[in-house]
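> sequence and predicted structure are below.
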Amino acid sequence: PVQRRGYHEKVLDHYNNPRNVGSFKKGDQDVGTGLVGAPACGDVMKLQIRVNKDSGRIDDVVFKTFGCGSAIASSSYLTELVRGMTLDEAGKIKNTDVAKELCLPPVKLHCSMLAEDAIKSAITDYYTKNPKAKATDLSGT
Ligand code: FES
Ligand code: FES
């Protein structure tokens with residue numbers, strides 16, 4: 001594996017070319033916003049999903065992360081991962097899935113935890129705003 005300053009190649013790629021950086025309007029009905037922080041280091045991640053209410057899938061997703069390279073890479077990778085997923089699928093993503101893809105060392109695991117927390121928090125926010133969405137989801141399975 002190629003490493004520079006302890007960061008893995010895939011981390012550097014996402015860090016240098018982060019995917020899906022941006023924001024949606026928080027008030028939009030079809031948007032779920034997750035804003036989470038890592039107590040260990042004070043880094044903060046905001047992740048927003050736009051959900052298609054007919055398909056129940058994540059149509060669009062953006063993030064802004066004020067944090068270390070691994071946190072930025074984790075959120076960038078997460079946005080690629082969850083696009084097109086149902087909320088159920090996205091809610092099952094584990095930080096270890098992200099850490100594995102990016103080959104994060106143990107000391108950087110909490111950075112990928114931010115990504116897991118952020119997507120869960122965005123999903124919760126969406127359901128809070130759209131309480132009926134959950135019922136539709138369940139009846140569809
Ligand atoms: Fe090289 Fe993971 S990308 S070991
Ligand atoms: Fe805290 Fe990476 S060092 S999120």
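Arrived safely, thanks for sending. Ligands and ions are numbered 1, 2, ... in the order given.

> show me which residues of this protein sit near ligand 1.
Within the chain, the positions near ligand 1 by Cβ under 6 Å from any ligand atom are Pro1, His8, Glu9, Lys10, Cys103. In short, each C-beta sits where N, CA and C put it, glycine included.

> checking Asp54 next. Helix, strand or coil?
Using DSSP: H, G, I helix; E, B strand; the rest coil as the criterion, the local structure at Asp54 reads coil.

> now Asp125. Nearest residue, chain neighbours left out?
Leaving out its chain neighbours, the residue that sits closest to Asp125 by Cβ to Cβ, 6 or more residues apart in numbering is Gly32, at 4.3 Å.

> check the contact between that neighbour and Ile123; I expect there is one.
Yes. Using Cβ atoms under 8 Å, Gly32 is in contact with Ile123, at 5.9 Å.

> quick one on the thing from earlier: which strand or helix spans the residue nearest to Asp125?
Gly32 is part of strand 31-37 when elements are defined by DSSP states H and E.

> what residues sit buried inside that strand?
Going by neighbour count (16 or more other Cβ atoms under 10 Å), the buried part of strand 31-37 is Val31, Gly32, Thr33, Gly34, Leu35, Val36.

> with just CA atoms, put it into PDB.
Extracted in PDB, the C-alpha atoms of strand 31-37 (Å, rounded to 0.1, in the frame of the first residue of the first chain):
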ATOM      1  CA  VAL A  31     -34.000  16.700   3.200                       C
ATOM      2  CA  GLY A  32     -32.600  14.900   6.300                       C
ATOM      3  CA  THR A  33     -29.700  16.600   8.000                       C
ATOM      4  CA  GLY A  34     -27.100  15.000  10.300                       C
ATOM      5  CA  LEU A  35     -24.700  17.100  12.300                       C
ATOM      6  CA  VAL A  36     -22.300  15.300  14.500                       C
ATOM      7  CA  GLY A  37     -19.100  15.900  16.300                       C
END
